[in-house]
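Enquirer: let's see this in three dimensions:
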Amino acid sequence: QVQLVESGGGSVQAGGSLRVSCAASGVSISTYSMGWFRQAPGKEREFVAAISWFTYYADSVKGRFTISRDNAQNMVYLQMSSLKPEDTAVYYCAAGVRSLSMTAAGYNYWGQGTQVTVSS
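Expert: Numbers count the residues shown, from 1 in each chain. Alright, predicted model coming up:
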């Protein structure tokens, strides 16, 4: 049974930093593409970052967010810096069996999400 559990969300002021983590079980993340998505109230879920053999970022977070993985620990991380109020959302971790994707349809497994709130 595949499980993805996010943690590390919270509240931070604009300009601050936060790291969210994703613990995977039932799957070896070294063989999957891993992604982070987010969903703000009243908006659709949107791509944030993904990692496989390389990394890819949404334009809105490029230069501010960094995705990384620890295959030995089966963990994926999203380091967020220079946070803005528009980064406020529930952040979801996802695992996909196919090559790196920037769409939700490209992922097979999802976590429950962790809330990130950025105040101005």
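
Enquirer: and the strands in the protein?
Expert: Secondary structure of the chain (DSSP state E): strands at 3-7, 10-13, 18-25, 33-39, 46-51, 55-57, 65-70, 75-80, 89-96, 109-110, 114-119.

Enquirer: for the record, mean pLDDT for the first one?
Expert: Just to be clear, that refers to strand 3-7. Strand 3-7 comes out with an average pLDDT of 97.

Enquirer: which strands and helices sit next to it?
Expert: strand 18-25, strand 89-96 (3 or more C-beta pairs under 8 Å, 6 or more residues apart in numbering; DSSP states H and E). Where C-beta positions appear, they are placed from N, C-alpha and C, glycine not excepted.

Enquirer: residue ranges in the chain under the pLDDT threshold?
Expert: The model of the chain has no residue with pLDDT under 70.

Enquirer: nearest residue to the middle of it?
Expert: Trp36 (2.4 Å; C-alpha atoms, centre = their mean).

Enquirer: still on that earlier bit, out of the strands of the chain, flag the one nearest Met102.
Expert: Closest to Met102 of the strands of the chain, according to C-beta to C-beta: strand 46-51, at 4.6 Å.

Enquirer: among the strands of the chain, which is nearest Thr103?
Expert: With C-beta to C-beta as the criterion, Thr103 lies closest to strand 46-51 of those, at 6.9 Å.
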